[in-house]
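Q: Following is a predicted model, sequence given first.
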Amino acid sequence: MKEKLELTLPVDKIDGLPILVYRSDRVVPPHLVLEWIEKLGARVLTNYGDIASIFSKETYPEYPYPSEPVVPSGATEQHKLALNKTYEVQLQQTVRLVYKLRGAKTNVFGLMWEHLSNESQDVIKGTTEFATLRQDDPLALLKVIKRTHLVSARNKILDVKLDAERVWNETNMGRSSLIAYKQRIDAAILALKEAKSEFRPDAERQVEKFLSGLDMSRYHALYDDYLNGRVTVPLTTLEQAYQWVNNYKFLKIQGRQATVSTFYLEAQAEDDETPDEEDGSTVGAQVFSTQTSQPSSATDSASNKNLSTAPKKRPRRSNKKRSNTSAASSASSQDNRGQARDDPTNRQQLDIIKASCDKMAQMMTEMKRAMDNLHVV
């Protein structure tokens, strides 16, 4: 029986950073190596600044020296002094950055080495690159760590490539979180690169692999949209695919999923109980359009229709204080309301509102029928 691989790395009790562990009898899971690299990179960025680019871009930051100022002909002495002063300030800033980077390189090399297990340090000492490693070159150490830990300890080049390809093929979401799944995909791609495999998935293959490996019990509706071309955002890179999945909204209804979108219906509203100058203002009635999909049936998704619920009622405004000192005043107010209703413009607006309400009532009936078909209580 094969020994089960650890799913986590041991942690340094002093600084809380993970310790990379190497075993000669098995492959270190690529996502653990990537986790180690990312966490050390985040700490280096906090403590030492720009040199953290070695973990994300595999390059050192560059600080080019400024060029000496070119003094235009006819420049005044004051202008010349200003140009020289600017040059001196830029030169001093660059020199400080260069010296800071030089000291940071040694510190980062030590940080990385201290967070390697004894087994990891031994395997690195056994490489041909170890004799040329310098403490002021942490990037070289990082490359050796990737090469020795992202691939198998076997000597055959073909076996190393096959191991990396197997990790890629077997990577799927399972019951993990979306971010953890994305990290394992990234790690599998990195392992293929370090193993120098001939199989290097392009951006399109990466997107297809990522989406097809999702947990379909949670993302069936999303994947159905992808297969049927119901995607309105570009999915040309792995990062774009991840962002689309991460922002995809769905709700569960008795084991099924329904995607949710929102739109607004504008209508003219009139408050019969409180007539005033604000009557006739435009209000937005929020309506939800729900498209349901059932993972176990292909026919249900084909028969789905856009349904909507009734609009939310607008909060009733408080009645204005009315004076009861004069019966004539009350009668005049009622006459004004009657005239407003008889006005052709107001009557047309009320007809529009009534037609909208009738249409929404019909849509509510259709939604109830669809819910009954889904056996939702």
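A: Ah, there it is.
Q: how about A241, what does it touch?
A: By CB atoms under 8 Å, 6 or more residues apart in numbering, the residues touching A241 are Q206, V207, F210, L211, L235. In short, each C-beta sits where N, CA and C put it, glycine included.
Q: Quickly note the distance from the first one to L190.
A: Taken as CB to CB, to the nearest Å, the spacing of Q206 relative to L190 amounts to 12 Å.
Q: same thing with A203?
A: 15 Å.
Q: the more surrounded of the two?
A: L190 (18 against 14; other CB atoms under 10 Å).
Q: Any figure for the gap between that one and R205?
A: Separation of L190 from R205 (CB to CB): 15 Å.
Q: Poorly predicted segments of the stretch 101-250 of the chain, please.
A: Within the stretch 101-250 of the chain, the ranges that satisfy pLDDT under 70 run 151-157, 250.
Q: What segments of it are strands?
A: Secondary structure of the stretch 101-250 of the chain, counting by DSSP state E, counting those that start in this stretch: strands at 250-253.
Q: Helices along that one, start to end?
A: Taking DSSP state H, counting those that start in this stretch as the test, the helices found in the stretch 101-250 of the chain are 118-125, 138-149, 157-170, 178-194, 203-212, 216-227, 238-247.
Q: just the angle between the first one and helix 138-149, please?
A: Between the direction of helix 118-125 and that of helix 138-149, the angle (axes from the mean of the first three to the mean of the last three CA atoms, to 10 degrees) works out to 110 degrees.
Q: Buried residues of helix 118-125, list them for me.
A: S120, V123, I124 (16 or more other CB atoms under 10 Å).
Q: Now do that helix: which elements does it pack against?
A: Judged by 3 or more CB pairs under 8 Å, 6 or more residues apart in numbering; DSSP states H and E, the packing partners of helix 118-125 are helix 138-149.
Q: buried ones in the helix it packs on?
A: Going by neighbour count (16+ other CB under 10 Å), the buried part of helix 138-149 is P138, L139, A140, L141, L142, V144, I145, K146, R147, T148, H149.
Q: For my notes, confirm D358 occurs in a helix.
A: Yes - assessed by DSSP: H, G, I helix; E, B strand; the rest coil, D358 belongs to a helix.
Q: Check it and give its pLDDT.
A: Per-residue pLDDT puts D358 at 78.
Q: Could you tell me how many residues sit around it?
A: Counted with other CB under 10 Å, the neighbours of D358 add up to 10.
Q: nearest to Q92, of the buried residues of helix 118-125?
A: Closest approach to Q92 among those (CB to CB): I124, at 38.5 Å.
Q: For stretch 210-217, give me every contacting residue.
A: Residues outside stretch 210-217 that contact it (CB under 8 Å, 6+ apart) are 171-175, 181-182, 185, 222-223, 226, 238, 241-242, 245, 295.
Q: Name the pair among those residues with the greatest separation in space.
A: L238 and P295 (24.8 Å).
Q: higher neighbour count, these two?
A: L238 (21 against 18).
Q: Return the distance of that one relative to D136.
A: In this structure, L238 and D136 are 34 Å apart, going by CB to CB.
Q: hmm, who's touching stretch 166-177?
A: The contact list for stretch 166-177 (CB under 8 Å, 6+ apart) reads 27, 29-30, 181, 184-185, 188-189, 191-192, 199, 201, 209, 213-215.
Q: same thing but 7 Å
A: Residues outside stretch 166-177 that contact it (CB atoms under 7 Å, 6 or more residues apart in numbering) are P30, Y181, R184, I185, A188, A191, L192, G213, L214, D215.
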